[in-house]
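In: structure here, sequence nowhere to be found:
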C-alpha cells in the first residue's frame, strides 16, 4: 500500500502540472498581473473615496446656502472688489460638494461593477475561456474603463478635499461680512 501511494503521488503531481500548464494562466500572465495591479489601484482609490465625509459635506453645503442667502439680504449697495471675490469664492464651493453628494451612490455602484468586471476577466483569462482573438479587445476595454474610474475617483477626492479646505478658510470671513453689513441671520424677522 505504501509503495502504491509513493508511485501515485508523483504521477498525480505530473498530471496536475500538465493540466495547469494547459490553462490560460501562463499564456496571459502579463494581462492578469496588470488586472491585479488595477484592482489594487481601484481598492486604494475606493478607500479614499469612502473616507470622504458625506454628512460633513451636506452640512457645509447647507451653511454655504444659508450664508449666501443672508449675504444677499444684507447687500444694499455695490460691493467692493474683495467682497465680491470673497462671495464668489464661497459660492464656488457649492457645485463640487453638490455633485459629490448627488453622484456618491452611483459612483459606489460603478466601483463594484468595475471590480466585478476585472475579476471576471481575470478568471476568464486564467481559465482560457476567451478566444485569443477577443482577449486584447476585452482586456483593453476593461483596463481603460478601470483606469478612467480610478482617475475620476482621485480627481473627485482632490476636489472635495480642496472645497472643504476652502470652506474652512472662508466660512468665518463670510460670517463676518454678513455681520459687518449690519444684519445677522434672522435679525429682520
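Out: Right, received. Where do you want to start? Everything numeric here is computed off the predicted structure, so don't read it as measured data. Numbers count the residues shown, from 1 in each chain.
In: tell me the pLDDT at residue 176?
Out: pLDDT recorded at residue 176 is 93.
In: give the contact list for it.
Out: With Cβ atoms under 8 Å, 6 or more residues apart in numbering as the criterion, no residue contacts residue 176. Bear in mind the C-beta positions are built from the backbone N, C-alpha and C, glycine included.
In: mind checking the SS state of it?
Out: helix (DSSP: H, G, I helix; E, B strand; the rest coil).
In: pull up the gap between it and residue 65, please.
Out: 18 Å (Cβ to Cβ, to the nearest Å).
In: now swap in residue 161 and tell me
Out: 20 Å.
In: likewise residue 44?
Out: 33 Å.
In: could you do residue 113 as well?
Out: For residue 113 relative to residue 65 (Cβ to Cβ), the value is 33 Å.
In: now residue 121
Out: 44 Å.
In: between those two, point out the one with more neighbours.
Out: residue 121 (23 against 13; other Cβ atoms under 10 Å).
In: the more buried one: what secondary structure?
Out: helix.
In: buried sites along whatever helix or strand residue 69 lives in?
Out: Residue 69 belongs to helix 54-74 when assigned by DSSP states H and E. Judged by neighbour count (16 or more other Cβ atoms under 10 Å), helix 54-74 contains these buried residues: 57, 60-61, 63-64, 67-68, 70-71, 74.
In: show me what the mean pLDDT comes to for that helix.
Out: In the prediction, helix 54-74 has an average pLDDT of 94.
In: elements contacting it?
Out: helix 81-91, helix 94-127, helix 132-180 (3 or more Cβ pairs under 8 Å, 6 or more residues apart in numbering; DSSP states H and E).
In: center of the protein - which residue?
Out: For the chain, residue 153 is the residue whose C-alpha lies nearest the centre (Cα atoms, centre = their mean; 2.8 Å).
In: can you name the residues that contact the residue nearest to that one when sequence neighbours are not counted?
Out: Distances taken as Cβ to Cβ, 6 or more residues apart in numbering put residue 45 closest to residue 153, at 3.9 Å, once the chain neighbours are dropped. Counting by Cβ under 8 Å, 6+ apart, residue 45 makes contact with 149-150, 153-154, 157.
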